[in-house]
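Undergrad: What would the 3D arrangement of this be:
(3 chains)
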Amino acid sequence: MDAIFLQILNGLDKGAAYALIALGLTLVFGTLGIVNFAHGALFMLGAFCAVTFNKLLLISNKVLDPTVTMFKAYKETPYLEIWFPDIGPTLIDYSVPLSMLLAIPVMLLIGFILERGLIKHFYNRPHAEQILVTFGLAIVMQELIKAIFGANPVPLSAPDVVAGTAAVGDWFGLGENVVYPWWRLIYLSFSGLIIFAVFAFLQFTTYGMVVRAGMRDRETVGLLGINIQKRFTIVFALATMIAGLAGVMYTPILPPDYHMGMNFLVLSFVVVVVGGMGSLGGAVFAGFLLGMVQSFASMTEVKEILPGIDQVIIYLVAVVVLLVLPRGLMGRAGIMDE
Amino acid sequence: MTKDNKFDFSRRGLLKASATTGLIASSPAFFMRNAWAEEFVNNPGNASEIKFGFNVPLTGPYAEEGKDELRAFKLAVKHLNGEGDGGMLNTFKPSMLKGNGVLGKKVGFATGDTRTNTDAARSSAKRMIEKEKVLMISGGSSSGVAVAVQSLCQEQGVVFMAGLTHSNDTTGKDKRRYGFRHFFNAYMSGRALGPVLEKAYGNDRNAYHLTSDYTWGWTQEESMKATTEGFGWNTTAAVRTPVGAGDFSQYITPVLESGADVLVLNHYGGDMVNSLTQAVQFGLRDKQVNGKNFEIVVPLFSRLMATGAGDAVKGIYGTTNWNWKLQDDASLAFVKSFGAEYGAPPSMAAHTCYVQTLLYANACEMAGTFYPPEVIKSLEGFKFNGMGNGATEYRAEDHQCFKDVLVVQGNENPSNQFDLLNVVETTPRSQVEYDPKIFGGELGPYKV
Amino acid sequence: MSNMNVGKMNDLTRFLIFAVAILTMPIWMDPFGGNYPDLLQKFAIYGIFAIGFNILFGLTGYLSFGHAAFLGVGSYAAIWSFKLFTMNVIPALFFSVLFAGVLAFIIGQLSLRRTGIYFSILTLAFAQMFYSLAYSVLTPITNGETGLQLAHSDPRMIDSLFFEAGAGLPSTTLFGLKMSGYSGFYFCAVLLIVGFFVSMRIFRSPFGLMLKGIKSNQNRMMYTGLNTKPYMLTAFVISGMYAGLAGSLLAITDPIAGAERMQWTASGEVVLMTILGGVGTLAGPVIGAGLIKYFENIFSAFNDTVLAEIFSFLPEAMVDYAVTIAGLFVGSGWHLTLGLLFVVVVIFLPGGIVEGAGKLVKLVSKREKSTGGSVTQQDQPGE
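TA: Modelled structure (predicted):
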C-alpha cells in the first residue's frame, strides 16, 4: 500500500514535469503550426538561467590554498557572504527560486527574438524545414552553453528549508517510511499552478479567446482584422518562458547539463501526440498518464513478470493509444493530420 | 583465406576496383617503400615523425573527461619529445625513454571524437589508421567504446592502449592481443571496497543495488554482490535501471520500504550524478534502519563527474584508479607538470591516458621496433614502477594491469575546489588479483 | 510526349553523372581530406539509407522517425549470418534485406493506419522500443552495449566445410575479395548506384506517380474508390529494405552491430540528411548524407595543433586568437558548425541544397520540377 502510494506520488511528479514541457510545445504546435525541435533546448536554457544566477551570486573572494603548491587551488568565499553576513547566505540559499527573476525576462526576450527573427518566416514552410531549422537552432544553443559552462552537470540545491523530506505518510495515516522530498512536492504544485494559469488565460481573457480561435482556424481569425502576428509572437514568448521556468525549477532534481534538453525532447513530443494535437488538456492528461505508467512499470513486482518493461512502457502506451484512438486522447481533426 | 596478410588483400581489392573504373591515380602509398622483413600497418619506415591517435569523447556526456584525457595526451607527447619538465618520465622505472621521441623519431598525434558511441568511435579510429597513419590508438571513456575500438585495432593490426574503461569484459571475455588496459576493473573495485565497507559498516547489513542496465552495470553489481555477501551482507534486491533515466525517483522510493540499510549505486557518469543527488534528496542518508545509519556506496568514483553531484558525495565510499592527492614521487611529478600546464589537477582518466602513452612508447624502445607483435611481447608481463600506482604489472595472460587499488571517500570538508575525495585505503594488489580464466575470452594471434 | 522524352534523356545523363561522381570520389575527395576508405564507405552507405528514406518521405510525405530500427536489424542480421553461416557477404545482404523488409511490413501495417505526426510518433515508438530492448534485455542476441561482434569460436557452418579456420578472425569477403578498404567502398558504391537507379525508376513509374498523387491529396484518391494503403505499405517496405541494405553494408565493411544504431538520434540523422539535401529530389539525400558524414568525421578531427598549422601564415600574435576562435567551430565544437549549417541552409536554400541551389542559379526549368517538390503535383493529372 505504502509502496503504491509512493509510486503514485512519483507518477504525479514525473507527470508534472512532462506536462509542463509538453504544454509549451503543444501551444506552439497548435497556435503557430510550428514543429519546434528547439523546445527541449529552451528548457535547458531555463535551467542554465538558474546556473548563471547562482554563479553570479557566488562570485567569490578567492583565497589561495597554501597546502597545494603545484597549481593554483582556491578556497572560495562569496562576496555576498563577506559583505552581507546576515542576508548574503540566505540569498545564496534561495538562489534557485530567486533565479526566476532572471529567467522570466531572459526567456521572454529569447522567445521574442526567436519568433521575430526566425520562426515567423517558417509559418508557411513545410514541416520538414521547420524541423531542420529548429533542430539546428537547438544544436547551436546547446553548443553555446557547452562552450560557456562545460559539459559536466552543475549541481544546484534547493533552499535548506525544503531540502529535506516531508513526512507525507503521517498526513495520510500511512507508514513512517512514506516520505517525499519537499522540493518535488513544490515542483508538483508549481507545475499545477502554471498549467492552471495557462488554462485560465486562454479560457477567461479575450486575448486567450483570440488565441484559441487562432488554434482552430488561423486564416479566418486573420481575416477578421485581428493582428494575429502580434499574438503569435506573444504566444511563442510565453511558451518559451514556460519551458524556461520548468527548467529552472527542475535543477535541484536533476543537475543540469548542456544536453538535458535532447533527453526531454523526444519524450515531450510523445506526450503531446499521445494527448492529441491541438489539445492542451490532452497534453497535460497524457503527461500525467505517462508519468504514472512509467512509475508503476518500474516496480520490481512488475519487472519480475515482464523484464525490461520499464525501458519501453512509455512507447508501448503511445503505440496502444495511437492505434486505438486515431488522434490521441483528445486530439481534434485537421491539426497536423497530414 | 586468412593466411594472406592484410597488405595483399588491400592491394588486390584496390587493383580490382581500379580495373573496373580505370582509376589508378587514387592509389595511396600502399606499396612498400622499404624492403623490411616485417611489413606492418602504417610502418613509418624512414619517416622522421610517427603519429599516435587519441580517440576521446569530445561531444556528449563525457566531453569533460575527454577534454582532460586530451590534455594528458598532449602532455605525454611533449614529455616524450623532450619538452617541458619531463613529468613521470623522470620517475618511470625501468624506462628506456630518453626524451628524444620514440626510437629517435619525433612523436606527433591525431585526435578524433568518439561521441561515446561505438559506431562513431570506430569510424574515428579508422580515420586515424587509414588517413593519419597512426601507430597506436588510445583514449575513450566507456567500456562499450573500448571493446569496440579494441576489436577494430586487432583486425587492423594497430596497438590499442585503452583509456577509461572499467568493465571486466575489456580484458575478460572481449580481450584482444592488440589491446591493453592500465585502468582497473569492476571486479577489482568490489574486492578493494569490500574490507573497507566491512570495517566501516559492520558485517550485518542489507544492501539494495541499483544497477545500470547494460554490461558494465551488470559486472559491477555482480562483483559487489559477491564481495559483500562474502563477509555476511545480505542482498535485499538488485534493480536494473535504464541508462540515462534522468529521474530515478521510481527506483528510489522502493528502497525506503525495503528494509535495506545500504544502497549500492552501480551507476557511472550522468546516471551516477543523478541517482546519487536524488537518493540524498529522498532523505536516505538521514534515515535510520534497524538501528543503523543508512549508507550509500558508489563503487566507481570519478572526481570529475563527482563535481556534478555537489554536496551529495560527502562521506560516500568508492574506488578510483588514481587520485591527484597521492604523495608518491611519481604522482607529485605528474600533478606538478599537469598543474603547471593547465592550472588544474589531472583526473584519473587523464592519468591513465598519460601512463598508457608512455608505456607504449617505452615498449617500442624495448622492442627496438614499431613492429606490433614485438611491441606487444615487450608489454606482456612488463613490470614497472614510478607511474603513480606503485609496483605494477601488465599481466601477459589478459593484458590487464595489476596494481594497488585506491578506496576513496567524499571529502566532508574540502579545503579547495578540487579537494573532493580523500584516499582512505590503498588495497594491496594481492587482494584484487584473480585467475584470468574466470572471465573467459581469448587474446588471438600476434600477427594479423 | 516530347516532355517525356526530355525527361528520359535527362534521367540517363543524370544517372551517368551520378555514377561517375560516386566512382571517382577517391579522386575529387582527396583535396578535401576525405579520401580514405572508411569515410568513402560511410558516404555510400548513408547515401543508400537516405535514398531509401526519400522513397517514403519524398514520394508520400510520410515522415518516419524510426527508420534506424531497420538499419539496426539489417546490421544484426548480417553479423548473425557471418557468425552462423559464412563470411561471404551475399547471404548477409540477403538476410538483412529480408529481415528489414519483414519488420518494415509489420511496423508499416500498424503505423500506416495513422497519418501526419501520429504516424511519425508511432514509428518513433517502435524504433525506441527496439533500441531499449537491444541495449538491455535482448543482450543475448545483440550483445548490448558492446555490440555484436564476430568471435573465433563462431560456427560458420558453410565456411567450415571448405576452409580450415585461421588463427585470427576471418574477414568479410565477396568470393575472396576482401570487403574492407577501397574494395569495400567500390562494393558499396556499386550498390549505391544501383539503389539510385532503382529509386529513379520508382520516381518515374506509375507507382511513383500514384504515391505523389496520394501525397498531394489522399482523400481525393480515396474518393476515386482506390485503396491507398497497399501503395503506401509497398513504399514503406521498399524504404525499410534500403535501410536494411545500408545496415548490412555497415556490418560488411566493419563487422560490428551496436544498439545505438537504432536510437532516435540515428533515425533523426537520416531525416536531417534528406531534408538538408532536398526532400523529393533524387540526388539531394545523397548530398545531405555526405555533408553530414563529412562534418562528423573531418571537422571533429581538427585540434589546436592542426589549426595552428593552418593559421601559421598569420603574424605570430594573431595565431593564438585565430586558433581559439576557430576552435569553437571544429574539434569539440563541430556540432556548432553543423547546427549553423542547418540553419543557414534552410534559410538561404529553401527546399534543401539541391532544390535551393537550383533556384539560386536560376535553373528553374521543367526538369527540376519533375524531380519532385509539392508544387508540381497538380501538373500530373489523370494518372
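Undergrad: How about the backbone phi and psi for the nearest residue to B:Arg205 once chain neighbours are set aside?
TA: Distances taken as CB to CB, 6 or more residues apart in numbering or on different chains place B:Trp233 nearest to B:Arg205, at 4.7 Å, with adjacent residues excluded. Every C-beta, even on glycine, is put in place using the N, C-alpha and C of the backbone. Note on B:Trp233: its backbone torsions stand at phi -70, psi 150 [degrees, to the nearest 10].
Undergrad: and B:Trp233, what pLDDT?
TA: Looking at B:Trp233, its pLDDT stands at 95.
Undergrad: For it, grab the count of nearby residues.
TA: 24 (other CB atoms under 10 Å in any protein chain shown).
Undergrad: Where does C:Thr13 sit, in terms of helix or strand?
TA: Element membership of C:Thr13, judged by DSSP states H and E, is helix C:2-23.
Undergrad: What is the following helix or strand past that helix packed up against?
TA: Along the chain past helix C:2-23, the next helix or strand (assigned with DSSP H and E) turns out to be helix C:25-28. Counting by 3 or more CB pairs under 8 Å, 6 or more residues apart in numbering or on different chains; DSSP states H and E, the packing neighbours recorded for helix C:25-28 are helix C:37-60, helix C:181-204.
Undergrad: Chain A is nearest to which of those?
TA: Nearest to chain A, of all those, is helix C:37-60, at 7.7 Å by CB to the nearest CB.
Undergrad: now the helix or strand following the closest one: mean pLDDT?
TA: Using DSSP H and E, the helix or strand that follows helix C:37-60 in sequence is helix C:68-84. For helix C:68-84, mean pLDDT rounds to 96.
Undergrad: can you pull up the bridge partners for the closest residue to C:Ser75 other than its chain neighbours?
TA: Spatial nearest neighbour of C:Ser75, chain neighbours left out: C:Ala257 (3.6 Å); criterion: CB to CB, 6+ apart. Going by DSSP bridges, C:Ala257 is paired in beta bridges with C:Leu148.
Undergrad: For C:Ala257, grab the count of nearby residues.
TA: As a burial measure, C:Ala257 scores 30 neighbours (other CB under 10 Å).
Undergrad: so it touches C:Ser81, yeah?
TA: No. Look at C:Ala257 against C:Ser81 with CB atoms under 8 Å: they stay out of range, at 11.2 Å.
Undergrad: all helices for the stretch 151-300 of chain A, in order.
TA: A:168-171, A:182-204, A:206-216, A:218-223, A:228-250, A:260-275, A:280-297, A:300-305 (DSSP state H, counting those that start in this stretch).
Undergrad: Can you list the buried residues in the fifth one?
TA: So that's helix A:228-250. A:228, A:231-250 (16 or more other CB atoms under 10 Å in any protein chain shown).
Undergrad: try stretch A:60-69
TA: So for stretch A:60-69, counting by 16+ other CB under 10 Å, buried means A:Ser60, A:Asp65, A:Val68.
Undergrad: Go back to those residues and keep what's next to chain B.
TA: A:Asp65, A:Val68 (CB under 8 Å from any CB of the partner chain).
Undergrad: Please confirm that C:Gly168 is located within a helix.
TA: No. Counting by DSSP: H, G, I helix; E, B strand; the rest coil, C:Gly168 is not found in a helix; it is coil.
Undergrad: Just to check, it is in contact with B:Pro445?
TA: Yes. Using CB under 8 Å, C:Gly168 is in contact with B:Pro445, at 4.7 Å.
Undergrad: Now do stretch B:75-89, average pLDDT.
TA: pLDDT averaged over stretch B:75-89 gives 95.
Undergrad: Then stretch A:30-42?
TA: The model assigns stretch A:30-42 a mean pLDDT of 90.
Undergrad: Please compute how far that stretch lies from its chain's middle.
TA: 13 Å (CA atoms, centre = their mean, to the nearest Å).
Undergrad: Determine how far the last residue of it lies from the first.
TA: One end of stretch A:30-42 sits 18 Å from the other (CA to CA, to the nearest Å).
Undergrad: Any residue of it touching chain B?
TA: No. Using CB under 8 Å from any CB, we find that stretch A:30-42 stays clear of chain B, coming within 12.1 Å at best.
Undergrad: Give me every residue in the stretch 1-150 of chain A lying close to chain C.
TA: Residues of the stretch 1-150 of chain A found near chain C (CB under 8 Å from any CB) are A:35, A:118, A:121, A:125-129, A:131-133, A:135-140, A:142-144, A:147.
Undergrad: The residues you listed in helices, which ones?
TA: When DSSP state H is applied, the residues of the stretch 1-150 of chain A next to chain C are split such that A:127-129, A:131-133, A:135-140, A:142-144, A:147 fall in helices.
Undergrad: The residues you listed, buried ones only, as a PyMOL selection?
TA: Listed next is the PyMOL selection for buried residues among these, using 16+ other CB under 10 Å:
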select buried, chain A and resi 127+128+129+131+132+133+135+136+137+138+139+140+142+143+144
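Undergrad: which one of the ones in helices among the residues of the stretch 1-150 of chain A next to chain C sits closest to chain B?
TA: For these, with chain B as the reference and CB to the nearest CB as the criterion, the closest is A:Glu143, at 8.6 Å.
Undergrad: which ones are touching the closest residue to that closest one other than its chain neighbours?
TA: Nearest non-adjacent residue to A:Glu143, counting by CB to CB, 6+ apart: C:Leu336, 3.8 Å away. If you count contacts by CB atoms under 8 Å, 6 or more residues apart in numbering or on different chains, C:Leu336 has them with A:Ile139, A:Val140, A:Glu143, A:Leu144, A:Ala147, C:Leu328, C:Phe329.
Undergrad: now those residues as CSV including pLDDT?
TA: Supplementary listing: the contacts of C:Leu336 in CSV, determined by pLDDT from 0 to 100:
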residue, pLDDT
A:Ile139, 94
A:Val140, 95
A:Glu143, 93
A:Leu144, 94
A:Ala147, 91
C:Leu328, 86
C:Phe329, 89
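Undergrad: Report the two members of the residues you listed separated by the largest distance.
TA: Among these, the pair separated by the greatest distance (CB to CB) is A:Ile139 and C:Leu328, at 13.4 Å.
Undergrad: Please identify the deepest-packed of the helices and strands packed on helix C:25-28.
TA: Counting by mean count of other CB atoms under 10 Å in any protein chain shown, helix C:37-60 has the highest mean neighbour count of those, with a mean of 28.
Undergrad: Measure how it sits relative to helix C:181-204, angle-wise.
TA: 10 degrees (axes from the mean of the first three to the mean of the last three CA atoms, to 10 degrees).
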